[in-house]
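J.: Quick one, structure for this:
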Amino acid sequence: MPKSLRNNLIPIILITLVVAYAVMAFARTSTPRTEESSYNALVTEINAGNIKTISVTSDGSSLHVTRKDGSTLTLNKEPNIDTIRLLLDYGVTQEALKTFDYRVEGVPFLAQISSILIYLLPILLIGGFFLFTMRRAQNGADQAFSFGRSRARRITSETPVVTFEDVAGCDESKAELVEVVEFLKNPEKFIQLGARIPKGVLLVGPPGSGKTLLAKAVAGEAGVPFFSLSGSEFVELFVGVGASRVRDLFEQAKKTAPCIVFIDEIDAVGRQRGAGLGGGNDEREQTLNQMLVEMDGFNTDTNVIVIAATNRPDILDPALMRPGRFDRRIVVDAPDLVGREAILRVHTRGKPVSTEVDLKAIAKQTPGFTGADIENLVNEAAILTARGGKKEIGQVELQEAIEKIALGPERKSRLITPHDKEIVAYHEAGHAVAAVLTPSSGVTVQKVTIIPRGPTGGTTWMAPDSEDTMMSKKMMEANIVTLLAGRAAEEIVFGDITSGAVSDLDRASTLARAMVRQYGMSEVIGPVSFGERSEMVFLGRELAEGKNYSEKVAETIDGEVSKIIKGSYERSRQILIDNRDRFILVAKTLLEKETLDSAEFRSIMGGLALPAAA
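T.: Here you go, the predicted model:
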């Protein structure tokens, strides 16, 4: 029976009984009285002398009455004693009355039942109402008692299984979790050496890097009960509910041990205590205190492993992070080139991908992409393929998907004046030519276009030649030269500058300021870092900053930043002047074709090889 019908069964029965009662009551009141009224009328007509003859029908089922005016009347109900006496006095013999079967047309069986139900239904209605009320009260009590129970979802065998084969791009992180799974499957191997099972594993990394996917893979590989829930499911409006849910969660886990408990976004409940305005008795801190006790309190002799995920490890409470609670801290960072290629192979598995697709080239153009970004990339490429009416995903669709994700869709309908289009062409040509001709740039021009995308009027798409974890001073200076080349190209060709370089100036200024303040790359200031930063590595931005230098030092910093920017601008300007022919040819070709790929750009540049690093 469906749950909705089962919950409303008693109200449906009560409504049915009320309707049945109303129908029978109406039928009873609308049925004409036959026995008493008919025989009383007969007696009245006999006393008035209107009756000519009375006889019993041949089958003995009714009385046939003939009036003096010729009309007839048939009575088939049982007469009472007084009526029988009148009939005898009128001349109906006892033998004839004996053949009259009084019970044949007595009260019908259904009429008897209806008469009984008329009196029984009110009792049933009252009893059903009390039963319904008591059941509602019981359900309310159950809900009140279950309010503090854990809402963790247990992963069963019916759930689609994700294994470690479906996870790529984070081999080191996967190896750490493989050991946890092996410990659950074969604990004797470790216990013989005195090793104990890790109590907690904390997965740390940027959004979309695959933390939840790794947890799903552990659930698929472990073969033990797996409980999954979010950190926000503990916290409620009422104080004490979160702590109660933590207790109930670990009670369920201990009953099914060995098992795994996965808490996603644990920073929702594990935020550092005493950091807010609330006191020590607020709901979130009580929940955290209970979690600390359950993970490493007095009663901790259980085989329950807690796996948690967060992208904000800097705000977690130190008591939660210590060994004994989270013994392992696994960094799930954005994948490198090899990792991105492996992730592309996972997400293109089972899809109609053309044999000409070079996944390594696609991976090379996606530095900084996480696993979620790459999954979205393949999906966008499939959508573009279907939109174009093709049967296979090709290199063009994957390339278009990269640009769509990074910059937005092409805005071909945007109206651009010929003059603005010419400015954009020379601007983008300046970026591309400077990138190729600047020593230590370390990039390859993949595509140059003057078709607007998102907020940009054109794009110069460049991919790094290698993914270095560290950038040298020369490489940073080369990047600044490339960024400022667009503005320099405008000035060289038109003798004027526009606001189109605002994004380039912002990025160049940020990089130059970082060189002076953070990396100690200024010869005047020296190897000193200024500014107290609370910085989130994975998010790549400063969350807060304190000023720990004087105004005089700040003035020196501003002077050094300005010096770097001006010097780089002059370098970019000189590069374009020295290679004006190639620069002008690239711009004119862009005005004609609107888009140049890597091969076309190299052909225009005359197959020029990259200069050796200075």
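
J.: can you give me the helices for the stretch 201-350 of the chain?
T.: Using DSSP state H, counting those that start in this stretch, the helices of the stretch 201-350 of the chain run over residues 211-222, 241-255, 283-295, 318-321, 337-347.

J.: Kindly apply the preceding question to the stretch 401-550 of the chain instead.
T.: Using DSSP H, counting those that start in this stretch, helices in the stretch 401-550 of the chain cover 418-437, 473-494, 502-517.

J.: Residue 15: which of those helices is closest?
T.: helix 502-517 (68.2 Å; CB to CB). All C-beta spots, glycine's among them, are computed from the backbone N, C-alpha and C.

J.: follow-up on the earlier one: between the helices of the stretch 201-350 of the chain, which gets nearest to residue 373?
T.: Nearest to residue 373, of the helices of the stretch 201-350 of the chain and by CB to CB, is helix 337-347 at 9.2 Å.

J.: can you pull out the strands in the stretch 151-300 of the chain?
T.: 153-155, 200-204, 226-230, 259-264 (DSSP state E, counting those that start in this stretch).

J.: contact partners of the longest one?
T.: Pointing back at strand 259-264 there. Contacting residues not belonging to strand 259-264 are listed as 152, 184, 211-212, 215, 218-219, 222, 224-231, 249-250, 253, 303-309 [CB atoms under 8 Å, 6 or more residues apart in numbering].

J.: run the last query once more with 7 Å
T.: 212, 215, 218-219, 222, 224-231, 249, 253, 304-309 (CB atoms under 7 Å, 6 or more residues apart in numbering).

J.: Can you tell me the strand partners of it and which way each runs?
T.: strand 226-230 (parallel), strand 304-310 (parallel) (DSSP bridges).

J.: Just send those strands back as a markdown table, with mean pLDDT too.
T.: Output for the strands paired with strand 259-264, formatted as a markdown table (pLDDT from 0 to 100):
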| stretch | mean pLDDT |
| --- | --- |
| strand 226-230 | 83 |
| strand 304-310 | 88 |
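
J.: Can you say which of those strands is packed in most?
T.: strand 304-310 (a mean of 25; mean count of other CB atoms under 10 Å).

J.: how distant is that strand from the center of its chain?
T.: 20 Å (CA atoms, centre = their mean, to the nearest Å).

J.: Please find the angle between the direction vectors of that strand and helix 241-255.
T.: 130 degrees (axes from the mean of the first three to the mean of the last three CA atoms, to 10 degrees).

J.: coming back round to it: of all the strands of the stretch 151-300 of the chain, which lies closest to residue 319?
T.: If we rank the strands of the stretch 151-300 of the chain by CB to CB, the stretch that ends up nearest is strand 200-204, at 12.2 Å.

J.: Now do the closest one: distance to the chain's middle.
T.: 21 Å.

J.: Looking at that strand now, give me its mean pLDDT.
T.: On average, the pLDDT along strand 200-204 is 90.

J.: Could you check how far the nearest residue to residue 427 once chain neighbours are set aside is from residue 504?
T.: Leaving aside its sequence neighbours, residue 427 sits nearest to residue 486 (CB to CB, 6 or more residues apart in numbering; 4.2 Å). According to CB to CB, to the nearest Å, residue 486 and residue 504 sit 6 Å apart.

J.: which residues does residue 230 contact?
T.: 264, 265.

J.: so it bridges to which residues?
T.: residue 264.

J.: For residue 186, grab phi and psi.
T.: phi -140, psi 70 (degrees, to the nearest 10).

J.: per-residue pLDDT, it?
T.: pLDDT, residue 186: 79.

J.: Pull up the gap between it and residue 604, please.
T.: 62 Å.

J.: More neighbours: those two, which one.
T.: Neighbours per residue, other CB atoms under 10 Å: of residue 186 and residue 604, the larger number sits with residue 604, 20 against 10.

J.: Residue 585 is in contact with the more buried one, correct?
T.: Yes. Assessed by CB atoms under 7 Å, residue 604 is found in contact with residue 585 at 5.6 Å.

J.: Now do the contacts for the closest residue to residue 404 other than its chain neighbours.
T.: In space, residue 404 comes closest to residue 380 once its chain neighbours are excluded; the distance is 6.0 Å by CB to CB, 6+ apart. For residue 380, the contacting residues are 401, 404, 405, by CB under 7 Å, 6+ apart.

J.: again with residue 585
T.: residue 604.
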